[in-house]
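Undergrad: got a predicted model here, sequence first, then my questions.
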Amino acid sequence: MPTHDSPAAHAPQPLPDETTTNTEQEATNARLAGATGILALGNIASRVLGLARETVLTFLFGPSAAVDAFQVAIIVPKTLYDLLIGGHVNGAIVPVLTEIVTLKGREELWRVVSILSSLLVTLLAGLVLLLQAFAPQIVQLTAGGADEAAQMLAVDLLRLTSPALLFMGLFAILSGALYALRSFTYPAFAGVLFNGTIVLTTMLLAPPLMTLLAPPGASGRAQDGIVAAAIGWLLGALAQLALQFPGLRGSRLRFTFNWRHPALRAIALLYVPVMFSLIVDTLIIRPFSYNLASQTGSGSIAYMNWATTLIQFPQGLVATAISIAILPMLASQAALISEGRAFKDTLGLGLRLTTTLILPATIGLFVLAQPIVVLLFEHGAFTPDATLVTVQALRLYLIGLPFAAVDLLLVYAFYARKDTLTPALVGILSLIVYMGVALLLLPEMGLFSLMIADSIKHIVHAAVSWVLLRRKLEGFGDQRLLITVFKAGAASAAMGLAASLLLPPLSEIFSSGGIFAEAVLVLLSGGAASLVFLGTAYALRVDELRWILKLLRQRLGRRAR
């Protein structure tokens, strides 16, 4: 029987003829916790190195036209990657591959992966050649508001970064296969290697490039040094692909043109709705956002991306980790018709864990936004004025973060049931809302209109997805979600109040001690606030948090023995 500090305790007792027992669900919950831990650890390391990457860029180049050009050069291959393959891994590929390995075994899985990889290599190789040929036109479309020199630099950088598209696509297929096998370690740490490679390459190559290529008597040029970051992007994409190979031992992958396999048709049927929404997002919304940002002043694209980088830290740590970990389990349960109640219980656990963790992360980052931005970015060419803009952008993004975190799990639940049409239609609705709000607020709010619109978009998407999924599942069962929201929200509010009270006196104490004092300020205020959250959550008996701590104690105890 589950104890009071196990989330399984909240699930209704099964009827005698149900195939899913409490013991089986607890085993699923434990696997989910273990997978989430691996993915969260990988995400933490990846986000830290991602922040290091942005810190290196801000230190060397500041909010300059060179950074804007680099952002354009990486957003183009990344956008195409999301459009053609990355955006479909969890929606079309993982659910189908999971069903194949669940019902037909590994040999059939590797046959399908071989076909997908062969098709992808053929497609992306041709696309990379097109990017090389039409780079000027693509840059004009993406960043038409930038000046001519910035556009020329972006063209050169795009020709450096575009081959990464091939490596990123193959990585997506192979990592999707590993997810279907519930092997999370190698994909989880791919981002670590990717961002780490960019950081090392930029630090090693940028300073000499800025000095050696500068005209006589000049101190260095950002447009020359930024080339190092583009080279790092290409090498990082190759490195994360190579990291997956150890997990593929015994896979017997081969190049094949047998593209009539029935699994491809299943993937294509799931692919089409996601593709439609991604086309709208990548070919309309992203250029719309970048063009709108470029019209609000120099460096605006950089501000938007720095704030987004900070938002992605809790998003990746909590929402992405839990959602990716839960998707293969939900897909496997959805493939077995008898596992309907287990599907609801697994989803309910994911929703409770997400709520318990994302609320304190959101409030903590909101309160500590300024000292965190100062610590990470306000060095070298990054000025205090740039800090104020970045902090305001970050806080406006944070309004939508809890909704985005819950929404991601809801979307993955649709995907696990092989329903990509419903999330696609909801996505179209939310994107229309985003564009309308951004245009409406732009005259008064400028750059910040994009952040407000983004938060409203996530609120709309989460609300509509919740209603539709609840209807499809005929309710979520007795998951006690509102109780979790109330308790975690109360503990998070107490944490935010504590951080707000502690920050002013600590800021006076550490106001002039350099980067070390800035780090101590963030650690002390953040650590004290976290203790307040943990204490309040424990007093309020937030079962999900108690369950996580119990699992950690058990794992540490086994390792100690």
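TA: Received it, and whenever you're ready, just let me know what you need. Predicted model, so just to flag it, every value in this text is computed and none were measured.
Undergrad: the closest residue to Ala266 other than its chain neighbours: which element?
TA: Excluding the flanking residues, the one nearest Ala266 by C-beta to C-beta, 6 or more residues apart in numbering is Val96, at 5.0 Å. (Glycine included, C-beta is placed from N, CA and C.) Applying DSSP states H and E as the criterion places Val96 in helix 94-103.
Undergrad: go on, Pro504?
TA: helix 481-509.
Undergrad: for that helix, buried residues please.
TA: Using 16 or more other C-beta atoms under 10 Å as the burial criterion, the residues of helix 481-509 that qualify are 481, 484-485, 487-492, 494-496, 498-499, 502-503, 506-507.
Undergrad: try stretch 534-547
TA: Quick answer for stretch 534-547 (16+ other C-beta under 10 Å): 534, 536-537, 540, 542-547.
Undergrad: pLDDT on the helix holding Pro504, on average?
TA: Helix 481-509 shows a mean pLDDT of 90.
Undergrad: I'd like to know which elements that helix is packed against.
TA: helix 340-367, helix 514-539, helix 543-560 (3 or more C-beta pairs under 8 Å, 6 or more residues apart in numbering; DSSP states H and E).
Undergrad: mind running it again at 6 Å?
TA: helix 340-367, helix 514-539 (3 or more C-beta pairs under 6 Å, 6 or more residues apart in numbering; DSSP states H and E).
Undergrad: got the angle for that helix vs helix 514-539?
TA: Here helix 481-509 runs at 150 degrees with respect to helix 514-539, directions being taken by axes from the mean of the first three to the mean of the last three C-alpha atoms, to 10 degrees.
Undergrad: quick one, helix 481-509 and helix 340-367 angle?
TA: Using the same axes, to 10 degrees: helix 481-509 against helix 340-367 is 20 degrees.
Undergrad: from the middle of its chain, how far away would helix 481-509 be?
TA: Remark: helix 481-509 is offset 25 Å from the chain centroid, using C-alpha atoms, centre = their mean, to the nearest Å.
Undergrad: can you check stretch 323-343 too?
TA: 22 Å.
Undergrad: pLDDT averaged over it - what is it?
TA: Here the average pLDDT along stretch 323-343 is 76.
Undergrad: what do you get for stretch 42-59?
TA: For stretch 42-59, the per-residue pLDDT averages 82.
Undergrad: contacts for the helix or strand containing Met203 next, please.
TA: Using DSSP H and E, Met203 maps to helix 190-212. With contact meaning C-beta atoms under 6 Å, 6 or more residues apart in numbering, helix 190-212 is reached by 45-46, 49-50, 52-53, 56, 60, 220-221, 224-225, 227-229, 231-233, 235-236, 239-240, 243.
Undergrad: in that helix, what counts as buried?
TA: Buried positions in helix 190-212, judged by neighbour count with 16+ other C-beta under 10 Å: 190-203, 205-206, 209-210.
Undergrad: ok so, going back, residue contacts, the residue nearest to Ala266?
TA: 263, 266-267.
Undergrad: let's see it at 7 Å
TA: Residues in contact with Val96, defined by C-beta atoms under 7 Å, 6 or more residues apart in numbering, are 263, 266-267, 270.
Undergrad: and Gln295, how many neighbours?
TA: By other C-beta atoms under 10 Å, the residues close to Gln295 number 13.
Undergrad: how near is it to Ala319?
TA: The gap separating Gln295 from Ala319 is 31 Å, by C-beta to C-beta, to the nearest Å.
Undergrad: so the nearest residue to Pro246 once chain neighbours are set aside is in which element?
TA: Distances taken as C-beta to C-beta, 6+ apart place Tyr186 nearest to Pro246, at 6.5 Å, with adjacent residues excluded. In the assignment (DSSP H and E), Tyr186 maps to helix 185-188.
Undergrad: that helix packs against which elements?
TA: The contact analysis (3 or more C-beta pairs under 7 Å, 6 or more residues apart in numbering; DSSP states H and E) places helix 185-188 against helix 22-61, helix 164-180.
Undergrad: what values do phi and psi take at Arg252?
TA: phi 60, psi 50 (degrees, to the nearest 10).
Undergrad: count of residues packed around it?
TA: Arg252, neighbours per other C-beta under 10 Å, totals 11.
Undergrad: look up the pLDDT of it for me, please.
TA: At Arg252, pLDDT is 78.
Undergrad: that one contacts Arg111, correct?
TA: No: using C-beta atoms under 7 Å, Arg252 is not in contact with Arg111; the gap is 8.7 Å.
Undergrad: so what does the host helix or strand of Val467 touch, helix or strand wise?
TA: Using DSSP H and E, Val467 maps to helix 448-473. Contact partners of helix 448-473 among helices and strands, from 3+ C-beta pairs under 7 Å, 6+ apart: helix 286-294, helix 384-398, helix 401-416, helix 421-445.
Undergrad: for stretch 101-120, buried residues please.
TA: For stretch 101-120, by 16+ other C-beta under 10 Å, it's 101-102, 109-120.
Undergrad: can I get those in CSV with pLDDT and distance to Thr308?
TA: Conversion of those to CSV gives the following (pLDDT from 0 to 100; distance: C-beta to C-beta, whole Å):
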residue, pLDDT, distance to Thr308
Val101, 87, 35
Thr102, 83, 36
Leu109, 89, 35
Trp110, 91, 37
Arg111, 89, 39
Val112, 89, 34
Val113, 90, 32
Ser114, 91, 36
Ile115, 90, 35
Leu116, 89, 30
Ser117, 90, 31
Ser118, 90, 34
Leu119, 89, 32
Leu120, 89, 27
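Undergrad: out of these, which are inside helices?
TA: The members of those that map onto helices under DSSP state H are 101-102, 109-120.
Undergrad: put together a markdown table for those residues, with distance to Ala331 on each row.
TA: A markdown table is the format used below for these (distance: C-beta to C-beta, whole Å):
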| residue | distance to Ala331 |
| --- | --- |
| Val101 | 10 |
| Thr102 | 8 |
| Leu109 | 13 |
| Trp110 | 18 |
| Arg111 | 19 |
| Val112 | 15 |
| Val113 | 16 |
| Ser114 | 21 |
| Ile115 | 20 |
| Leu116 | 17 |
| Ser117 | 21 |
| Ser118 | 24 |
| Leu119 | 22 |
| Leu120 | 21 |
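Undergrad: and which of the residues you listed is nearest to Gly91?
TA: Set against Gly91, the nearest of these by C-beta to C-beta is Leu116 (14.3 Å).
Undergrad: and that closest one, what is it in contact with?
TA: By C-beta under 7 Å, 6+ apart, the contact list for Leu116 reads Ile173.
Undergrad: 10 Å instead?
TA: 85, 93, 96-97, 169-170, 172-174, 176-177, 259, 261, 263-264, 267 (C-beta atoms under 10 Å, 6 or more residues apart in numbering).
Undergrad: of the residues you listed, grab the buried ones for ChimeraX.
TA: Applying 16+ other C-beta under 10 Å to those, the buried members can be selected in ChimeraX as follows:
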select :85,93,96,97,169,170,172,173,174,176,177,261,263,264,267
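Undergrad: hang on, the earlier thing: can you check what angle separates the helix holding Val96 from helix 401-416?
TA: Using the same axes, to 10 degrees: helix 94-103 against helix 401-416 is 50 degrees.
Undergrad: extract the CA atoms of helix 94-103 and return them as PDB.
TA: Taking Å, rounded to 0.1, in the frame of the first residue of the first chain, the C-alpha atoms of helix 94-103 are listed here in PDB:
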ATOM      1  CA  VAL A  94       8.700   8.900 -30.200                       C
ATOM      2  CA  PRO A  95       5.100   7.700 -29.900                       C
ATOM      3  CA  VAL A  96       5.400   5.600 -33.100                       C
ATOM      4  CA  LEU A  97       8.800   4.200 -32.100                       C
ATOM      5  CA  THR A  98       7.600   3.400 -28.600                       C
ATOM      6  CA  GLU A  99       4.600   1.500 -30.000                       C
ATOM      7  CA  ILE A 100       6.900  -0.400 -32.300                       C
ATOM      8  CA  VAL A 101       9.300  -1.500 -29.600                       C
ATOM      9  CA  THR A 102       6.400  -2.300 -27.200                       C
ATOM     10  CA  LEU A 103       4.500  -4.500 -29.600                       C
END
